[in-house]
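Chemist: How does the following fold in three dimensions:
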Amino acid sequence: MVPAPLLQGAGHQRQPHVYSPGCPEIERYLLFRERLRGHPEERARYQRVKRELAERDWTYTQEYADAKTEVVEGIIARARGGPGA
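Modeler: Have a look, this model is predicted:
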């Protein structure tokens, strides 16, 4: 298992991610994390989207997760050197 780092600090909800060895999500998660760490504009975009979505009422948590998919996939694509990288 490869645990993802936890958020630190007051007010942060901790949400660990645990993957089996060799899981393709490990690479995606690390690309996403490092892109956010190294690109303040990406971090601001992600933060803005998450805050906008947090204002909505969701019946299921998965609806929230689905709603942020487009921005997450864009960040991962740019981390891989895609358009806008």
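Chemist: Quick check on the most far-flung residue of the chain relative to its centre: phi, psi?
Modeler: In the chain, counting by Cα atoms, centre = their mean, T59 sits farthest out from the average C-alpha position, at 20.9 Å. Taking degrees, to the nearest 10, you get phi -70, psi -40 for the backbone angles of T59.
Chemist: from here on, count from 432
Modeler: With 432 as the first residue, the last one maps to T490.
Chemist: Return the residues in contact with it.
Modeler: Shown in contact with T490 (Cβ atoms under 8 Å, 6 or more residues apart in numbering): no residues. No exception for glycine: its C-beta is placed from N, CA and C like everyone else's.
Chemist: so what's it scoring on pLDDT?
Modeler: For T490, the pLDDT comes out at 92.
Chemist: Output the below-cut-off pLDDT ranges for this structure.
Modeler: Across the chain, the ranges flagged by pLDDT under 70 are 432-445.
Chemist: Recalculate using a threshold of 50.
Modeler: The model of the chain has pLDDT under 50 over residues 432-439.
Chemist: quick one, strands of it?
Modeler: Under the criterion DSSP state E, the chain contains strands at 433-434, 449-450.
Chemist: Surely K481 touches A498?
Modeler: No. With contacts counted by Cβ atoms under 8 Å, K481 stays clear of A498, the gap being 9.7 Å.
Chemist: any idea how far T492 is from E458?
Modeler: In this view, E458 and T492 are 24 Å apart by Cβ to Cβ, to the nearest Å.
Chemist: Show me which of the two is the more surrounded one.
Modeler: Per other Cβ atoms under 10 Å, whichever of E458 and T492 has more neighbours is E458, with 13 against 8.
Chemist: How much space separates that one from Y450?
Modeler: Distance from E458 to Y450, counting by Cβ to Cβ: 10 Å.
Chemist: next one: E486
Modeler: E486 is 30 Å from Y450, by Cβ to Cβ.
Chemist: of these two, who's got more company?
Modeler: Y450 (16 against 6).
Chemist: what is that one paired to in the beta sheet?
Modeler: Y450 forms beta bridges with V433, as assigned by DSSP bridges.
Chemist: Quick check: R466 vs V502, distance?
Modeler: R466 is 12 Å from V502, where distance means Cβ to Cβ.
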